[in-house]
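S.K.: model the following, please.
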Amino acid sequence: MLSIIFIAFINNYDTTDTKLTAQENVLRHELIVMRSAITQYHSVMNTYPHSLEQLVDTGYLRHIPVDPITNSHETWELIRHAETDEVISDVRSGSRLMSSKGTPYSDW
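M.R.: Model prediction:
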């Protein structure tokens, strides 16, 4: 009986750990895609975009991705350019949770 409980615990732990790892991998990917779009936009337009929606409207993004940690496409933290608050130069997760490595997702 104890071995069945142990196996059930291990299976549940592995599933949870695997799901978190997958979410973190998706987050990394989405950040790379959005940061690349911001960089490409800046290279062509010689200015930064005002919003993520502008990246979609101009074809640099197909859609605003869902943050896999918050499960929302509306929670991205937009990092405003140092010289002007009107444009974004970076993006981060809006989650206040810690990653499996102990770092805040918002620092990625």
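S.K.: okay, buried residues for stretch 82-92 please.
M.R.: Buried residues in stretch 82-92, counted by 16 or more other Cβ atoms under 10 Å: 87-89, 91-92. Yep, even glycine has a C-beta here, placed from its N, CA and C like the rest.
S.K.: next one: residue 77 from residue 91, what distance?
M.R.: Counting by Cβ to Cβ, to the nearest Å, the gap from residue 77 to residue 91 is 7 Å.
S.K.: over to residue 82?
M.R.: 15 Å.
S.K.: likewise residue 100?
M.R.: 21 Å.
S.K.: check the secondary structure at residue 78 for me.
M.R.: For residue 78, the assignment made with DSSP: H, G, I helix; E, B strand; the rest coil gives strand.
S.K.: look up the closest residue to it, ignoring the ones flanking it.
M.R.: residue 88 (4.5 Å; Cβ to Cβ, 6 or more residues apart in numbering).
S.K.: I figured residue 38 hits residue 51, correct?
M.R.: No: here residue 38 lies out of contact with residue 51, judged by Cβ atoms under 8 Å, at a distance of 10.9 Å.
S.K.: quick check: neighbours shared by those two?
M.R.: residue 88 (Cβ atoms under 8 Å, 6 or more residues apart in numbering).
S.K.: who has more neighbours, those two?
M.R.: residue 38 (23 against 12; other Cβ atoms under 10 Å).
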